[in-house]
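1. Attaching a predicted model along with its sequence, questions to come.
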Amino acid sequence: MTRAADLAAIIKDRAGHDPVRLGLVLGSGLGHIAGQVDGVAIPYADLSGFPHAGVSGHTPNLVIGTLEGVRVAVFGGRAHYYESGDPAAMRLPLEVLKALGAEALVLTNAAGSLRADMPTGSVMLLSDHINFSGLNPLIGEPTDARFVPMTDAHDPGLRMGLRDAAAAEGVHLHEGVYAWYSGPSFETPAEIRAIRTLGADAVGMSTVPEVILARFLGLRVAAVSVLTNMAAGLSAESISHEHTKAMAPLGAAKLERVLRRMLRDSA
Ligand code: HPA
């Protein structure tokens, strides 16, 4: 058996064998929803090869259970490229998600806003992304499967479901392009001006490698950002990880309503 199949077997022993329908990866400060799943929490430490997810603001548990009538796998912490230098750090968890039966994945993150009409506390559905890091989690993958098309990488059907859910909840869901910057230092104002010129609406340190990996694995994927600050140089607001964690709950409540409604309407 593959490593992912081994881990999926361990997870099924603990959480039951019903197939998971949807995976959810929770970004910094967005962990609250994991506690609402009726199911079993498995610490990453029990899953050999899972990341340590050592960033404060993340809880490193995999929660398998039911939320709004849908069987989900919620990843309470993600591995970022900047922790290890490995852009494929989330490959094994996503392979496990696939082995648990999931066909779709929703990624969430905290991000900086490049748009004045998207202030702190806004939520943004990713219409597309720019891989500003130049890194790729599929470098070294030996098969032709590495040549993943990225047109409509952000799944039109899932995006429609999220849009409809937001409308039903009365939540203003912005849409825009997310640029992946490697981190862990924040961007300079000049870098923000550069990516704004290139077409970015938001900037963050995650998500893009997971979108690439999800498409590689044949998972439909969509992503939502919670804007925790204006990006560097765009306001007098301070930018720090502390600030990100403090501001995340503003948008997290909206995000949670949208996600729960999307699940309920798809149950
Ligand atoms: N830049 C990068 N990542 C972020 C930011 C930012 O401004 N805010 C939250 N995550």
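-> Okay, I see it.

2. Phi first, then psi, for residue 71.
-> When quoted as degrees, to the nearest 10, the phi and psi of residue 71 stand at phi -80, psi 120.

3. Run through the bridge partners of it.
-> Taking DSSP bridges as the rule, residue 71 bridges to residue 66.

4. Report the contact partners of the closest residue to the ligand within the stretch 1-150 of the chain.
-> In the stretch 1-150 of the chain, no residue comes nearer to the ligand than residue 112, which is 2.3 Å away by C-beta to the nearest ligand atom. For the C-beta atoms, the positions are set from N, CA and C on the backbone; glycine is no exception. Going by C-beta atoms under 8 Å, 6 or more residues apart in numbering, residue 112 touches 186-187, 192, 202-204, 227-232, 239.

5. Of those residues, which belong to helices?
-> residue 192 (DSSP state H).

6. hmm, back to that, quick one: name whatever helix or strand follows the helix or strand the residue of the stretch 1-150 of the chain closest to the ligand falls within.
-> Using DSSP states H and E, residue 112 maps to strand 104-113. Sequence-wise, the next helix or strand downstream of strand 104-113 (DSSP H and E) is strand 123-130.

7. Identify each buried residue in whichever helix or strand comes after that following strand, please.
-> Using DSSP H and E, the next helix or strand after strand 123-130 towards the C-terminus is helix 156-169. Residues 158, 159, 161, 162, 163, 165, 166, 169 are the ones in helix 156-169 that count as buried (16 or more other C-beta atoms under 10 Å).

8. Now the element after helix 156-169, going C-ward?
-> Immediately after helix 156-169, counting by DSSP H and E, sits strand 173-180.

9. Compute the inter-axis angle for that next one and helix 156-169.
-> Strand 173-180 and helix 156-169 are oriented at 140 degrees to each other (axes from the mean of the first three to the mean of the last three C-alpha atoms, to 10 degrees).

10. Return the residues of the stretch 151-267 of the chain in contact with the ligand.
-> 181, 186, 187, 203, 204, 205, 228, 229, 231, 239, 244 (C-beta under 6 Å from any ligand atom).

11. hmm, try it at 5 Å
-> 203, 204, 205, 228, 231, 244 (C-beta under 5 Å from any ligand atom).

12. For these, which single residue is the most surrounded?
-> Highest neighbour count within those, by other C-beta atoms under 10 Å: residue 228, with 31 neighbours.

13. so where's the stretch 51-200 of the chain uncertain?
-> 53-59 (pLDDT under 70).

14. hmm, try it at 80
-> When residues are selected by pLDDT under 80, those of the stretch 51-200 of the chain lie in 52-59.

15. Double-check that residue 41 belongs to a strand.
-> Yes - Residue 41: assigned to a strand according to DSSP: H, G, I helix; E, B strand; the rest coil.

16. Roughly how far does it sit from residue 13?
-> 15 Å (C-beta to C-beta, to the nearest Å).

17. okay, those two: which has more neighbours?
-> Between residue 41 and residue 13, counted using other C-beta under 10 Å, residue 41 has the larger neighbour count: 17 against 9.

18. wait, isn't that one in contact with residue 60?
-> No - counting by C-beta atoms under 8 Å, residue 41 does not reach residue 60; the two are 10.2 Å apart.

19. okay, and the common contacts of the two?
-> With C-beta under 8 Å, 6+ apart, residue 41 and residue 60 have common neighbours residue 76.
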